[in-house]
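K.L.:
Just a sequence and a predicted model for now, questions to come.
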Amino acid sequence: MNKFVFIAAAMLLAQSGFAQTDSTTKKTDTIRVGNFIIIKKDKKEAYSEPSPPTDTSGNSFDITIGSSSTPSSYKKSRRSIISTNWLIFDLGFNNWNDKTNYSAISPSDTYLQQTPGVTNKPYTKDDFNLRTVKSSNVNIWLFMQKLNVYKGIINLKYGLGINMYNFRYETNVSYLRNPPHIIRDTILFSKNKLAADYITVPMMVNINTMPDRRNGLSISFGVSAGYLYNSRNKQISDERGKQKIKGDIGLNNWRFAYVGELGMGPVRLYGSYSINPLHERTLEQYPYIVGIRFSNW
């Protein structure tokens with residue numbers, strides 16, 4: 001009997017010892033070997049989701065290779081290869097560089113004609129003076145895209161849009177059709193405007209000095225090609241009221257130009273200078289435009 005009691009007491013003491021051992025092994029043990037952090041868990045924790053590493057609070061640790069933290073400088077923003085900007089608006093003023101040699105124009109020229117029944121004099125540059133403040137340019141770009149060529153610093157920029165040019169005359173020149181020609185009219189106009197609209201495709205090289213910020217300096221330069229789809233001479237006078245001469249009035253069907261853009265933060269300026277003259281013959285007037293562009297980039 002005494003032997004049996006001794007064995008039972010020994011078993012109780014052993015069970016108590018195992019229980020104490022189990023309670024202490026619930027704490028997670030970690031061993032660091034070089035760049036490896038090894039976590040030792042009990043069976044109950046073997047199938048549980050590991051918790052983030054802490055210091056000595058008793059929580060479990062993840063197995064980590066290398067440094068457990070990543071420098072913020074390593075997280076670089078991923079730049080898109082192509083970025084698109086929809087519906088861009090331009091508002092500017094236009095004029096032209098008149099290189100016409102008026103002294104070489106013949107009195108029998110078929111485009112600059114003399115007014116029948118009126119004492120005429122040779123045409124001069126003054127016959128095509130513009131009201132600069134009212135000679136406007138409005139562009140609506142359906143889209144513009146930037147193709148990342150080098151780290152967002154050098155890009156190829158292109159788009160598609162409609163360019164609308166309004167040239168307000170101070171004089172009484174009139175455009176006529178069949179065949180297209182110009183005359184000095186016999187009346188004064190309160191409004192005398194030449195309008196030309198083009199479908200235009202620009203192609204530019206864009207240099208962005210700070211590609212990860214929106215307030216950096218941005219420069220674009222290149223060329224554009226535009227096709228004339230509408231032209232008209234709109235006039236208002238007391239004698240004739242409102243009248244509009246539409247169709248072929250002697251303008252070039254194509255407009256090729258040097259184009260540029262300068263951006264500093266949200267403010268963007270644009271400009272262009274025509275490579276070929278506005279009119280198809282006789283007159284050598286090269287329009288140029290400067291204005292403000294409302295664009296995200």
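P.N.:
That came through fine. Source: prediction; values computed, not measured.
K.L.:
any idea how far Y227 is from F128?
P.N.:
24 Å (C-beta to C-beta, to the nearest Å). Using the backbone N, CA and C atoms, a C-beta is placed for each residue, glycine as well.
K.L.:
The two: which is more packed in?
P.N.:
The residue with more neighbours, out of Y227 and F128, is F128; 20 against 12, by other C-beta atoms under 10 Å.
K.L.:
Hmm, the more buried one is touching N97, no?
P.N.:
No - at 11.8 Å, F128 and N97 do not qualify as touching, with contact defined as C-beta atoms under 8 Å.
K.L.:
Mutual contacts of those two, please.
P.N.:
Taking C-beta atoms under 8 Å, 6 or more residues apart in numbering as the criterion, F128 and N97 both touch Q285.
K.L.:
does the residue nearest to G291 when sequence neighbours are not counted sit in a helix or strand, and which one?
P.N.:
Nearest residue to G291 in three dimensions, chain neighbours excluded: G92, at 1.8 Å (C-beta to C-beta, 6 or more residues apart in numbering). In this assignment (DSSP states H and E), G92 forms part of strand 82-98.
K.L.:
Any regions of the protein where pLDDT drops low?
P.N.:
For the chain, the stretches with pLDDT under 70 are 1-79.
K.L.:
quick one, domains of it?
P.N.:
22-70, 82-294 (automatic domain parsing).
K.L.:
So which of these is the most surrounded?
P.N.:
Using mean count of other C-beta atoms under 10 Å, the stretch among the domains of the chain with the largest mean neighbour count is domain 82-294, at a mean of 16.
K.L.:
What is the distance between that one and the centre of its chain?
P.N.:
21 Å (C-alpha atoms, centre = their mean, to the nearest Å).
K.L.:
Can you show me the strands along the stretch 151-297 of the chain?
P.N.:
Ranges of strands within the stretch 151-297 of the chain are 154-168, 173-176, 181-184, 191-208, 217-237, 241-246, 254-264, 267-274, 285-294, based on DSSP state E, counting those that start in this stretch.
K.L.:
For the strand holding G92, which strands pair with it and how are they oriented?
P.N.:
strand 136-150 (antiparallel), strand 285-294 (antiparallel) (DSSP bridges).
K.L.:
Of all those, which one comes closest to L262?
P.N.:
Smallest distance to L262 across the strands paired with strand 82-98 (C-beta to C-beta): 9.4 Å, for strand 285-294.
K.L.:
right, and F89 touches I140 too?
P.N.:
Yes - using C-beta under 8 Å, F89 is in contact with I140, at 6.2 Å.
K.L.:
before we move on, the earlier item: any chance of the strands of the stretch 151-297 of the chain in JSON lines, plus distance to N120?
P.N.:
Shown next, in JSON lines, are the strands of the stretch 151-297 of the chain (distance: least, C-beta to C-beta, whole Å):
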{"stretch": "strand 154-168", "distance to N120": "23"}
{"stretch": "strand 173-176", "distance to N120": "13"}
{"stretch": "strand 181-184", "distance to N120": "7"}
{"stretch": "strand 191-208", "distance to N120": "19"}
{"stretch": "strand 217-237", "distance to N120": "20"}
{"stretch": "strand 241-246", "distance to N120": "21"}
{"stretch": "strand 254-264", "distance to N120": "31"}
{"stretch": "strand 267-274", "distance to N120": "29"}
{"stretch": "strand 285-294", "distance to N120": "21"}
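K.L.:
So which of these is nearest G117?
P.N.:
strand 181-184 (11.3 Å).
K.L.:
tell me what the closest one is packed against?
P.N.:
Packing partners of strand 181-184 (3 or more C-beta pairs under 8 Å, 6 or more residues apart in numbering; DSSP states H and E): strand 173-176.
K.L.:
So what touches the strand it packs on?
P.N.:
With C-beta under 8 Å, 6+ apart, strand 173-176 has contacts from 127-128, 181-185, 192, 194, 233, 235, 245, 249-250.
K.L.:
same deal with stretch 145-155?
P.N.:
Under C-beta under 8 Å, 6+ apart, the answer for stretch 145-155 is 79-85, 156-159, 205-209, 211-212, 297.
K.L.:
What is the end-to-end distance of that stretch?
P.N.:
With C-alpha to C-alpha, to the nearest Å as the measure, the ends of stretch 145-155 fall 10 Å from one another.
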